[in-house]
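# Coordinates for the following, if possible.
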Amino acid sequence: MSDLPNVRAALDRIDAALLDLLAERSAVVDEVAALKSREHALLLRDLERERDLLSKVGREAQRRGLNAFHVVKIFRDVVEASVRQQESRLTRAANGIDEEPALLRVAFQGAEGAYSHLAGRKFFADRSEEPIFVGYRSFRQAVEAVEREECEFAILPLENSVAGGINETYALLGTSKLSIVGEEVWPVEHCLLGLAKVPLARIRRVYSHPQALMQCSEFLDGLAGASSESFFDTAASVAKVKELGSEENAAIASEEAGERHGLVVLRRSIANQRNNQTRFVVVHKRPFRFDPRIPCRTSLLLVTDHREGALERCLAELAKAGVNLTKLESRSMPATPWEYQFYVDVEGNVDDPRLAAALEGVGRNARYLRVLGCYPRKADPSREVPKDVDLLPDAAPPEPWPAGTPVPAESRVAYPLAARRATDPGARTPVKVGDVVFGEGFVVIAGPCAVENEAQLFEAARVVREGGGRVLRGGVFKPRTSPYSFQGLGIPGLDLLCRAGLEYHLPVVTEVVAPEDVEKVAEFADMLQVGARNMQNFALLKAVGQSSRPVLLKRGMMSSVEELLLAAEYVLSAGNRAVVLCERGIRTFETSTRNTLDLGAVQVLKARTHLPVIVDPSHAMGVTAFVAPMARAALAAGADGVIVEVHPHPEEALCDGPQALTPELFATMMGDLRRMAQALGVKMA
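Down below sits the predicted model:
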């Protein structure tokens, strides 16, 4: 007989024990929250403690042979739940609520499984009992349900990272007397759902909300012979497909909505843009007060006189008080064509004297000012549980490393946008890629030379993340010297790269080789690489210059430093000011290495440009054994980072295996770089 029932019983016992421990931890978190509600000098959260906790957990997971990244991911969720639990306790205390109400009704637009419903469940997840969610056909009906006290709260979508603001919600906030008391962010993953796994060519009609249809327009254009039909809600369109009972119909909605109605996923992630998020607001009949230790956002409705400088005077009051403005949107006045009201978001709590004084000043300069709500801000990366955890073993730093002497700046300005600024020659321009900043520490980009298959890429991403790499590299288009060499997987490889980056919280960089590919690759990759062979492909430089994605520009094999800077000038002059330069070795008469790594160029570039400069020791040396020493040399030379090749099995690599680091060598290199950075006083980004 099979032992499977006994094994499953053992798993059930372990799962029950885990739940018991989570309940015990939650009780302790309640005690912590009670202490903080009485002792106001205590911090709500300590990011350094959270970072240390996650680092220790990850290192212990590695010691036990577990997947450290996934273990840290679980504990990060536990920490986030702890923070939310404390915020909820402090909020009840600030509003004189002894206990949470036993029954709570929340209004939303749509049917169960709609994105509003999913975001609402996430927002109220810290309650001991899940609220009753009541679906309505329109946003207005959901708002009116709260006004009539049929429901205590309503959750409304306010803006989408792809489609922008939702006008109907803004209009309702302006006319309703409800107050915003919370916000939630939901990552939207549109799926094509059907009754059964059938070829896409069989689909004849696709139902969904107009916004979802618009956000998936490129995928729908590729469904030959299929028409689209608007529906009032994504989840309700799933129910419609179920009701019709034909395998030729499909819906665009969340996977959760499909599960509720027994539909299967025909294709995931079909939106035009991958990073698709919606910000929701939660409204109530009265405003809430929040503990001053909870980072808050305040939303305003502002109407100014229709004369010169009116808006500027209002915003100047915020700047004078040091209040950060995070959003400013205009909407036409309903009864006055060509005059506008403004929806404004600022950081701060209305009970903070600084913000209160600023609002008083705004009120003096405005025709109308209304606080729409003050609430804890969720759509804010600074509030996230730390992701930059350290999974490398602890090590004592060596003796301090002496600092080098900077090279004098070049006086010529053949590349005025790339050149150091005469007014502030020491200023550097940081380049942000995802949550990583080049120019504010030493950044390690790592990954395979080429995306080969899912197993290879996901294993490489895990190695990079656990080793301390911050950006995942992987070629999907490979310009090769020989036409018979592996040329990359193309767009399917880009899909794999982005999925691996999302799984391991790593922004991704990949090479783009043709101007016509820039727009497509830029929809998915976080950074565009222009390779050495294309450094003087001026049409490509102009194309990436018109993109909003940061650019990694590699020095050509036979190009001078000045030619590299002039190539950067092409990108900068086209409008894209986020450029990182890369020294990757040049071709000389020396044949003992693949190329000659010109580390002197790092200091020359630092003297001539404000742009970040990194080094590629893998392509320069071409031999695995030389990569780590030259990465350390790049750090000593003052580079802002390195890009190295890492492959789970270099001997099986389809591209550049002889120069790829194994997982073990990558971990060793990262440990050496960290110790060296500590000695130099350089921050590992």
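
# tell me the mean pLDDT over the helix or strand Leu19 falls within?
Using DSSP states H and E, Leu19 maps to helix 4-38. Taken as a whole, helix 4-38 has a mean pLDDT of 93.

# Counting by contacts, list what it packs against.
helix 68-94 (3 or more CB pairs under 8 Å, 6 or more residues apart in numbering; DSSP states H and E). Bear in mind the C-beta positions are built from the backbone N, C-alpha and C, glycine included.

# And the helix it packs on, how far out from the chain middle?
19 Å (CA atoms, centre = their mean, to the nearest Å).

# do stretch 564-583 as well
24 Å.

# Over to stretch 21-39?
Distance of stretch 21-39 from the chain centroid (CA atoms, centre = their mean) equals 30 Å.

# So for it, what gets flagged as buried?
By neighbour count with 16 or more other CB atoms under 10 Å, stretch 21-39 contains the buried residues Val29, Ala33, Lys36, Ser37.

# same question, stretch 354-372
Quick answer for stretch 354-372 (16+ other CB under 10 Å): Leu355, Ala358, Leu359, Gly361, Val362, Asn365, Ala366, Leu369, Arg370, Leu372.

# Doesn't the third one belong to a strand?
Translated: Leu359. No. Judged by DSSP: H, G, I helix; E, B strand; the rest coil, Leu359 forms no part of a strand; its state is helix.

# okay, now Leu599: neighbour count?
Close neighbours of Leu599, defined as other CB atoms under 10 Å, add up to 19.

# what's near enough to touch it?
By CB atoms under 8 Å, 6 or more residues apart in numbering, the contact set of Leu599 is Glu583, Val615, Met630, Ala633, Ala634, Ala637.

# pLDDT score for it?
For Leu599, pLDDT reads 96.

# what's the spacing between it and Gly361?
Applying CB to CB, to the nearest Å, the value for Leu599 to Gly361 is 54 Å.

# what do you get for Arg354?
From Arg354 to Gly361 the distance is 11 Å (CB to CB).

# Give me the common contacts of those two.
Ala321.

# From the buried residues of stretch 354-372, pick the one nearest Met670.
Nearest to Met670 among those: Leu355, at 43.0 Å, using CB to CB.

# If we go by neighbour counts, what in stretch 471-486 is buried?
Going by 16+ other CB under 10 Å, stretch 471-486 has these buried residues: Val471, Leu472, Arg473, Gly474, Gly475, Val476, Phe477, Lys478.

# Next step: those restricted to strands.
If you go by DSSP state E, the buried residues of stretch 471-486 have Val471, Leu472, Arg473 in strands.

# Could you pull up the contacting residues of the last one?
To tie it back to what came earlier, the one meant is Arg473. Arg473 neighbours (CB under 8 Å, 6+ apart): Ile445, Ala446, Gly447, Pro448, Val508, Val509, Thr510, Gln529, Ile643, Glu645.

# please redo it, this time with the cut-off set to 7 Å
Applying CB atoms under 7 Å, 6 or more residues apart in numbering to Arg473 gives the contacts Ile445, Ala446, Gly447, Val509, Ile643.

# sorry, back to before: tell me which of the buried residues of stretch 471-486 is nearest to Ser128?
Nearest member of the buried residues of stretch 471-486 to Ser128, counting by CB to CB, is Leu472, at 39.8 Å.

# hang on, that closest one packs against Arg462?
No. Checked against CB atoms under 7 Å, the pair Leu472 and Arg462 is beyond contact range at 10.3 Å.

# so Arg370 touches Ser299, yeah?
No. Counting by CB under 7 Å, Ser299 is not a contact partner of Arg370; they are 9.6 Å apart.

# Tell me which helix or strand Ala525 sits in.
Applying DSSP H and E, one finds Ala525 in no helix or strand.

# make that Pro425, sorry
Taking DSSP H and E as the definition, one finds Pro425 inside no helix or strand.

# Let me know how buried it is, in neighbour terms.
The tally of other residues near Pro425 (other CB under 10 Å) stands at 11.

# Contacts for the lowest-mean-pLDDT helix or strand in the chain next, please.
Ranked by mean pLDDT, DSSP states H and E, the helix or strand of the chain with the weakest confidence is strand 164-165, at a mean of 86. The contact list for strand 164-165, computed with CB under 7 Å, 6+ apart, reads Leu158, Glu159, Glu329.

# That strand pairs with which strands, and in what direction?
Here strand 164-165 has these sheet partners by DSSP bridges: strand 153-160 (antiparallel).

# and the partner strand, how far out from the chain's middle?
Distance of strand 153-160 from its chain centroid, counting by CA atoms, centre = their mean, is 21 Å.

# hey, C-alpha coordinates of it in PDB?
The C-alpha coordinates for strand 153-160 follow below in PDB (Å, rounded to 0.1, in the frame of the first residue of the first chain):
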ATOM      1  CA  PHE A 153     -17.300  51.200   3.600                       C
ATOM      2  CA  ALA A 154     -16.900  51.300  -0.200                       C
ATOM      3  CA  ILE A 155     -13.800  50.500  -2.100                       C
ATOM      4  CA  LEU A 156     -13.300  52.400  -5.400                       C
ATOM      5  CA  PRO A 157     -10.500  52.300  -8.000                       C
ATOM      6  CA  LEU A 158      -8.800  55.700  -8.200                       C
ATOM      7  CA  GLU A 159      -6.000  55.300 -10.800                       C
ATOM      8  CA  ASN A 160      -4.300  52.700 -12.900                       C
END
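
# what does the average pLDDT come to for it?
95.

# go on, stretch 44-55?
90.

# Which stretches in the stretch 501-650 of the chain count as strands?
508-511, 527-530, 551-554, 579-583, 613-615, 641-645 (DSSP state E, counting those that start in this stretch).

# can you redo the ones you listed as JSON lines with mean neighbour count and mean pLDDT?
As requested, the strands of the stretch 501-650 of the chain are exported to JSON lines (neighbours: other CB atoms under 10 Å; pLDDT from 0 to 100):
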{"stretch": "strand 508-511", "mean neighbour count": "26", "mean pLDDT": "96"}
{"stretch": "strand 527-530", "mean neighbour count": "25", "mean pLDDT": "97"}
{"stretch": "strand 551-554", "mean neighbour count": "26", "mean pLDDT": "98"}
{"stretch": "strand 579-583", "mean neighbour count": "27", "mean pLDDT": "98"}
{"stretch": "strand 613-615", "mean neighbour count": "26", "mean pLDDT": "98"}
{"stretch": "strand 641-645", "mean neighbour count": "28", "mean pLDDT": "97"}
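
# Nearest to Ala667, out of these?
Nearest of those (CB to CB): strand 641-645, 12.3 Å.

# Does anything pack onto that closest one? Which helices or strands?
With contacts defined as 3 or more CB pairs under 7 Å, 6 or more residues apart in numbering; DSSP states H and E, the packing partners of strand 641-645 are strand 443-447, strand 613-615, helix 617-621, helix 624-636.

# got the buried residues for the helix or strand just after it?
Next along the chain after strand 641-645, taking DSSP H and E as the criterion, comes helix 663-680. Going by neighbour count (16+ other CB under 10 Å), the buried part of helix 663-680 is 663, 665-667, 669-670, 672-680.

# What residue, apart from its backbone neighbours, is nearest Leu44 spatially?
Spatial nearest neighbour of Leu44, excluding adjacent residues (CB to CB, 6 or more residues apart in numbering): Arg293 at 4.0 Å.

# That neighbour - that's part of a helix, no?
No. According to three-state DSSP, Arg293 belongs to no helix; its state is coil.
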